Structure formats: C-alpha cells, structure tokens
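**Q** Structure, please.
(chains A and B)
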Amino acid sequence: DAGVIQSPRHEVTEMGQEVTLRCKPISGHDYLFWYRQTMMRGLELLIYFNNNVPIDDSGMPEDRFSAKMPNASFSTLKIQPSEPRDSAVYFCASSLTAPQGYTFGSGTRLTVV
Amino acid sequence: AQSVSQHNHHVILSEAASLELGCNYSYGGTVNLFWYVQYPGQHLQLLLKYFSGDPLVKGIKGFEAEFIKSKFSFNLRKPSVQWSDTAEYFCAVNAVFGNKLVFGAGTILRVKS
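**A** The predicted structure is shown next:
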C-alpha cells in the first residue's frame, strides 16, 4: 500500500497564478479530506468528500479555492488566483470509514511570492 | 460543534523525563479521540486512538493516553521520553456519528539529549 500520495511536494508560484494540488487516496478509502496547516491557524479542514461527493466545504476560505474529486482515486485542490497568504502546507487525508482515523499524505508546501 | 484545547504549546524535556500532554475537548455527545504525531518536515501519523472500552489506550512507541469522560480529557503520556520523540503532537476528536476530525493547536515537544 503506497499510502496517500500528494503532488507536488513543493510549489513556488507568483501571486495571481493558478495552483493545482493533487491527491491520490488509499485504494478503497471512501472519505477524502483536504487540510491546510499554518503556524498561525494550525490545522484547518478545508473540505471533505464521501464517495467522490463534496460533503462539507465550509472550511474553504473563499471562492478562489475549489476542490474536485472526479473519481475515487483522484482529487484536486485549486487556488485561482493565488495570494501570498495562501502559503501553507496542504495535506490530503483519506479514511476507509469515518471516523476511524485518517491516513495523511506527505503534504504540499505551497509558497506564493 | 466540537473543539479541542491543548494546554501547552511548547514543552522542553530532558531525555528519560516523563511526559504528559494535556488535551480537553468540548462536545456533549459521544466522541472518538486521537493523538497524532508530526515529526519535523513530515506528515501526521496516528499515535493512538480511543473509540470505546478500556479508557487507557496504548499506542506506538510507548505512548499511552487516558480518556476521562467526566473531565472531557484525553491526556497523552510516556514514562521516559527519547530524543527521537521530538515532534509536534496533535490531539483530535470527532463525534461518533460525525465525519470531521477537529484538531487541537498542537504541542511542540523538544527533547534535549
């Protein structure tokens, strides 16, 4: 089992550019979560999916953020346009059946300059 | 809505000292409780979890936690820390019939060799 796979590991982009973060959950897991981690705000849940359907996106900071899960093995988190305050580590996690504890990916460190 | 409070943001200990990290949650119903660890530059890993039964839960690497329902607490303990335990520790909770894992702000543990 390769675990939850995120790409890229690091992303540096200029303000105003579009950023797409990718996640492949563990096969068979039916829940997928996107978290953002910053020093100031800690770990924040942005959105989660169950069986590819977005269930709760109340944590998405604003309309610049969007997330999709076109199939059970792939999800994206997009920021357009990006801003310096979006700089953070973005984690994806998946779970077989909530609430059983999540398996986290290695994260994407995003820097917007 | 659930919330999680971790009492100490930074803890510094010498090797072989005993560790106790406090965690209190706020929720009126039945919950599942977790401790995660994040080593420097890495993703979150599950240390231990409590769903039901024996309130004293043993996890990996010699860690344990005790659920005290009357105090809404789930403190993490280890009798003798090692330098390799240097990491950030997160307490998390979700309602038994909920899907969102809510994290505390984290406690950074530094163990001096």
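
**Q** Only C-alpha atoms from now on, for both contacts and neighbour counts.
**A** Will do.

**Q** Give the full set of residues in contact with A:Glu11.
**A** Listed by Cα atoms under 8 Å, 6 or more residues apart in numbering or on different chains, the contact set of A:Glu11 reads A:Thr108, A:Arg109, A:Leu110, A:Thr111.

**Q** give me the beta-bridge partners of the last one?
**A** When bridges are called by DSSP bridges, A:Thr111 pairs up with A:Val12.

**Q** isn't it right up against A:Met15?
**A** No - in this structure A:Thr111 lies outside contact range of A:Met15 using Cα atoms under 8 Å: 9.5 Å.

**Q** Please name the nearest non-neighbouring residue to the residue of chain A found nearest chain B.
**A** For chain A and chain B, the shortest gap (Cα to the nearest Cα) falls at A:Ser106, measuring 4.8 Å. Of all residues not flanking A:Ser106 in the chain, B:His43 sits nearest, at 4.8 Å (Cα to Cα, 6 or more residues apart in numbering or on different chains).

**Q** Check B:Phe74 too.
**A** Sequence neighbours aside, B:Phe67 is the residue nearest to B:Phe74 in space, at 4.5 Å (criterion: Cα to Cα, 6+ apart).

**Q** now B:Phe90
**A** Spatial nearest neighbour of B:Phe90, excluding adjacent residues (Cα to Cα, 6+ apart): B:Gly106 at 4.5 Å.

**Q** Now for A:Thr111 and A:Met15: what residues contact both?
**A** A:Pro84.

**Q** re earlier: residues near the residue nearest to A:Ser106, how many?
**A** By other Cα atoms under 10 Å in any protein chain shown, the residues close to B:His43 number 18.

**Q** quick one: contacts for it?
**A** B:His43 neighbours (Cα under 8 Å, 6+ apart): A:Phe91, A:Phe104, A:Gly105, A:Ser106, A:Gly107.

**Q** Could you rerun that using 7 Å?
**A** A:Phe104, A:Gly105, A:Ser106, A:Gly107 (Cα atoms under 7 Å, 6 or more residues apart in numbering or on different chains).

**Q** Look up phi and psi at the second one.
**A** In terms of degrees, to the nearest 10, the main-chain angles of A:Gly105 are phi -80, psi 180.

**Q** just the last one next, same as before
**A** As for A:Gly107, its main-chain torsions (degrees, to the nearest 10) stand at phi 90, psi 160.

**Q** just checking, it touches A:Ala93?
**A** No - A:Gly107 lies out of contact with A:Ala93 (Cα atoms under 7 Å); the separation is 9.3 Å.

**Q** out of the two, which sits in the more crowded spot?
**A** More crowded of A:Gly107 and A:Ala93, by other Cα under 10 Å: A:Gly107, with 30 against 27.
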